[in-house]
Structures are given as C-alpha cells and as structure tokens.
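>>> Quick one: sequence and predicted model below, then my questions.
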Amino acid sequence: METCTLGGRLYSLHTISLPPSKEDASQTSISCLLDPDLIPLLPDPLPCASNPNDASLIAVRQTPHKGHAMFAARDIEPGQLIIVEHPALILPSGKFPKEVYDELAARLPEKRRKDLFAMANSRSKESLDLKGRIDEERREIYGGVYPLINRANHSCSPNAGTKWDLASLTMSFYALRHIPAGEEICKTYINPALPRETRMGILRKNYRFTCDCPWCDIRQSAHLNLPEPEEFTPEELDRIAASDRDRATLGTWVFTHPGYKKWSTDLARADDLVISSHLEALSLIDKEGMQGLQNLFVEEIAMCYAILAKVVKLTRVEDPDLQRRFEDWLVDPERRMKKWAWRKRQREQLSKRKDHDDAVIEDVDAFQFLFQYNSD
Ligand SMILES: C[S@@+](CC[C@H](N)C(=O)[O-])C[C@H]1O[C@@H](n2cnc3c(N)ncnc32)[C@H](O)[C@@H]1O
C-alpha cells in the first residue's frame, strides 16, 4: 500500500530516514502518512535530534492502575529539558482503517514497532503543527506518536510540557516546575482550564481512564480502584467549584486584565499594576498546578522588568529566542528596555514638576496658574 484516502483526501505513506543516533540505534526512521504535497517540503536532510537525552534522568515503570508511567530518577529543575525525540509515526488526525496503522508500523524497525505496541492506547498522538508548510485552506492537524514521551501519563496539574520543532521534526519534553526524584512525570492531554466534569468526560471518552489528579480525584481513591462517589459532601462540592472557578479565571486572565503592552503607554495605570495582577495569577497557577501557563504571565512581568532571572531559566526550551532577548536586556535594562525607561522618565518629570508647583503655588495668582497649565 502506497496511498490511501480519507474524507476524499489522498494521503501517501512515506518513510523519513533519520541520521544514525549513538544513543538509540532503533531510532532510524519515521513512518508517515502525509498529504503528498507536504513530502517535498519536509526538512531534508533531517537534522539528528540534538540528543542531550540523559538516560539517568527518567525511569519508565509499570504501575498498579495506569499501565506504564515515567518517573524522575533524579531531581529535575524547572525548565530543564528531559527528552528530545523524533516521532515514530506522523499521521493526520482522524480515524484510518486498521490496515493503514499496521502498514505504517510495519515500516518501522522491529524494536521501535514493539515499543510502540507495548504502549497503552498506542494510538494517542501529540498534535504537531505543520504551519507554514502548506496553504492555509489545506492545512490540517497531524499527530505524532513518540515511544518515550507518550509514556508520560496525564495530569490536570502537569509537571512537564511539550514543544514541537518543525525544523528538526522533534518534540522536546521539559519540566514546568521542580520535579523531585521519584515523582511521576506527567503532561496534560487536555486543556486543564476546563471544568472538572468536562475534563473527566473527555478523558473517559478519548483515553478511557478516570483522572487521578488531586483536582479530579477529590477523595484520592483512584489508586484503590474505587468508583467515583455518587454524591459529594458540601465541602467537596465547594472545593470543586473553587477549582473550576480558578481555572476558568486563569484561562481568560489575559483577556480580562491589562497586560504589558497597554500598561506601558498608560500613565494612568499604577506602575505595579501588571506585576501585581500577574503575580496574583501566578499564585493561582501554583494553587492549581497549572505551571504550563506560567510563562505567559512571567513574560508579562518580566516585560515590566521584574523577575528576569526566573524567566531566563524558564524559557530556555519553550522559547530560546525570548530567553536570548531577556538575557540581552539584563546587560543594560534601562537602555535596552525603551518603554520601561520612558515610564521612569515620565514619572521623574512629573514628580519634579510637582515639587516645583508645591514650592511656588502660593505666589501664583489664578490667572498665571491657568496660563501655565494650558501652555504645557
Ligand atoms: C499515551 S498512553 C500513556 C502511557 C501508558 N500508561 C502506557 O502504559 O504506555 C495513554 C494511556 O495511559 C493511561 N493513562 C494516562 N494517564 C492516566 C491517568 N492519569 N490515570 C490512569 N490512566 C492513565 C490510559 O490508559 C491512557 O489511555
């Protein structure tokens, strides 16, 4: 089989060869199902995943109620890269006949194929963005299957996140907060800002499990294989409602609170407005374990020139360009951050003028004062 059609669209089966990797001899190819017009647009030659993968950082083990899971074998610091991995499979979203999956898998080296099929729900995919590679109207969502990264189970308070790199066709997996040795490393399969009921419904329907995170499994009984309680106590209902409210607030924060851009040119807003509002968001993030959103807020705070040192560390995988920009500012913040310097100058001039006005006000008659005011 070289091609197949789904929903009137034609797809080609295609194998991308990878440069040999010292660390993983089985990682030799990616088996793909692609729009034929995408194939000539793929990076060629494909760079080898710059493999800083440190095998001693993680351990994959069988668990009593979640199949395999990934654990931190050592302490992992916030922002630290955990894995960089090429997908074993790339295919469009949508359901294809079983033979298509079998054919894609058959094209993989044996070890890679076995690893893939050993995974629970081996069809779960990470979405990949092929933006910029094809016309907007023909763009569609592709998914990748990763033998190692896909071992990470789900949590609604994930301690790790993923970042896709189109140029190398790799996914980076990195820590969103400190992960102590022994803790399970989880990512989120869904939008964690959704209410508990909706999150649980999607996870049951699409992945066939009941989430055991502390925000879903209110009684922490999933590991005992106990069913969801029929009824919650009023205190439990309050906790669920508070968490849903906090998550919804975080999900819409950037639309409901002023950010750096508006603040920077608006002297009517207090100097610490964005910083204090975004610090409030960061404390909600900590409360709900939604560190996946933190860069958005930390970046805004940093734009107001606050905790640059923290953001430099946190952005190293997710946004290396931003990291370099912040490092650059740190060399001479007032000169390089023009908007910050502008606000500072305006405040200084205003306070100088106020001191001056306070000193002369008694000598100035009403007419002079009005004149001075209007001529400014
Ligand atoms: C991408 S796989 C993750 C690795 C999988 N545990 C394994 O053994 O290979 C997704 C599947 O893992 C299981 N899973 C993931 N997160 C879970 C969780 N929080 N609780 C229970 N099962 C989970 C579900 O069976 C889900 O369909």
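Everything's here; your move. Numbers count the residues shown, from 1 in each chain.
>>> quick one: low-confidence parts of the stretch 101-250 of the chain?
120-140, 222-226 (pLDDT under 70).
>>> near the ligand, which residues of the protein?
Proximity of the chain to the ligand, by CB under 6 Å from any ligand atom, involves residues 66-69, 119-121, 124, 150-151, 153-154, 207-209, 211-212. For glycine as for every other residue, the C-beta is placed from the backbone atoms N, C-alpha and C.
>>> Mark which of those are part of strands, please.
68-69, 153-154 (DSSP state E).
>>> Quick one: buried ones out of those?
Among these, those classed as buried by neighbour count (16 or more other CB atoms under 10 Å) are 69, 153-154.
>>> Please convert these to a markdown table, extending it with distance to residue 291.
As requested, these are exported to a markdown table (distance: CB to CB, whole Å):
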| residue | distance to residue 291 |
| --- | --- |
| 69 | 19 |
| 153 | 17 |
| 154 | 15 |
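>>> Residue 320: what's it in contact with?
Listed by CB atoms under 8 Å, 6 or more residues apart in numbering, residue 320 has no contact partners.
>>> Give the helix, strand or coil label for residue 31.
For residue 31, the assignment made with DSSP: H, G, I helix; E, B strand; the rest coil gives strand.
>>> ok, now how distant is it from residue 97?
Applying CB to CB, to the nearest Å, one obtains 16 Å for the distance of residue 31 from residue 97.
>>> Same check on residue 238?
48 Å.
>>> Repeat that for residue 183.
Counting by CB to CB - residue 183 and residue 97 are separated by 40 Å.
>>> cool, and residue 200?
Per CB to CB, residue 200 is found 30 Å from residue 97.
>>> the helices in the chain, which residues?
Secondary structure of the chain (DSSP state H): helices at 98-106, 110-117, 196-207, 234-256, 260-264, 273-288, 294-303, 308-318, 320-331, 333-336, 338-360, 366-374.
>>> Same question for the second one: list its buried residues.
When you say that, I think you mean helix 110-117. 112-113, 115-116.
>>> okay, the angle between that helix and helix 98-106?
Taking axes from the mean of the first three to the mean of the last three CA atoms, to 10 degrees, one finds helix 110-117 and helix 98-106 inclined to each other by 140 degrees.
>>> okay, now the residue in the chain positioned nearest to the ligand: neighbour count?
Proximity of the chain to the ligand (CB to the nearest ligand atom) peaks at residue 67, 2.6 Å away. Other residues near residue 67 come to 14 when the count uses other CB atoms under 10 Å.
>>> what do you get for residue 77?
By other CB under 10 Å, 10 other residues sit near residue 77.
>>> Isn't it up against residue 180?
No: contact criterion CB atoms under 8 Å: residue 77 and residue 180 do not qualify, at 10.4 Å.
>>> Between residue 31 and residue 97, which has more neighbouring residues?
residue 31 (25 against 10).
>>> Let me know the distance separating the residue lying closest to residue 91 once chain neighbours are set aside from residue 114.
Distance criterion CB to CB, 6 or more residues apart in numbering; nearest residue to residue 91, sequence neighbours excluded, is residue 33 at 4.2 Å. With distances taken as CB to CB, residue 33 is found 20 Å from residue 114.
>>> Now do the buried residues in the longest strand belonging to the chain.
Assignment by DSSP E gives strand 9-17 as the longest strand of the chain. Buried positions in strand 9-17, judged by neighbour count with 16+ other CB under 10 Å: 11, 13-14, 16.
>>> So what are the sheet partners of that strand and their directions?
Here strand 9-17 is paired, per DSSP bridges, with strand 3-6 (antiparallel), strand 29-34 (antiparallel).
>>> My understanding was that residue 3 contacts residue 13; is that so?
Yes: counting by CB under 8 Å, residue 3 touches residue 13, with 7.0 Å between them.
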